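# Got a sequence here, can you build the structure:
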Amino acid sequence: MINGIGTDIIEIERIKKAVSNENFLKKYFTQNEIDFIEKLNDKKFESYAGNFAAKEAVSKAFSLGFSKFFPIGIEVLRDENGKPYVVLHGEALRIFNENGYTSVLVSISHSKENAIAFAIIV
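Prediction:
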């Protein structure tokens, strides 16, 4: 059963400017995310934007936005095939468990200018 859906789109250029600020990185991305994305070199800004959009999409799927937890509580990683998956931490994980949800599914894509993500909570 689907308990929530969310989507978000962001301009890659906006994120490119934001990630030059270390405080922005620490507020929005875990060290695991930063380590993975920084290895991508030529696609890192698209990946930062995709992860940012995924975090926004997940928060919308919770129907809470970021009113109850911080973006850092949603970690977006990739499996061995490059498929994105979500790991929740802190208050986001508590809310997830408290509501009896079983999984968070996410899909990310980007064009030259924008990144988009879609999330489903079941």
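# Tell me the buried residues in the helix or strand of the chain with the lowest mean pLDDT?
Sorted by mean pLDDT, DSSP states H and E, the helices and strands of the chain end with helix 22-28, the least confident at a mean of 92. For helix 22-28, the neighbour count (16 or more other C-beta atoms under 10 Å) marks Leu25, Tyr28 as buried. The C-beta positions use only the backbone N, C-alpha and C, and glycine is treated the same way.
# do stretch 27-47 as well
For stretch 27-47, burial by neighbour count (16+ other C-beta under 10 Å) applies to Tyr28, Phe29, Thr30, Glu33, Ile34, Phe36, Ile37, Lys44, Phe45, Glu46, Ser47.
# and what of stretch 74-93?
By neighbour count with 16+ other C-beta under 10 Å, stretch 74-93 contains the buried residues Ile74, Glu75, Val76, Pro84, Val86, Leu88, Ala92.
# Now the fourth one: phi and psi?
Read it as Pro84. Dihedral pair for Pro84: phi -70, psi 140, per degrees, to the nearest 10.
# Need the pLDDT of it.
Looking at Pro84, its pLDDT reads 97.
# Tell me which residues are up against stretch 94-107.
3, 54, 57-58, 61-62, 64, 68-69, 76, 84-86, 88, 117-122 (C-beta atoms under 8 Å, 6 or more residues apart in numbering).
# which residues does Ala117 bridge with?
Beta-bridge partners for Ala117, by DSSP bridges, are Asp8, Ile108.
# I figured it hits Thr7, correct?
Yes - Ala117 is within contact range of Thr7, at 6.8 Å (criterion: C-beta atoms under 8 Å).
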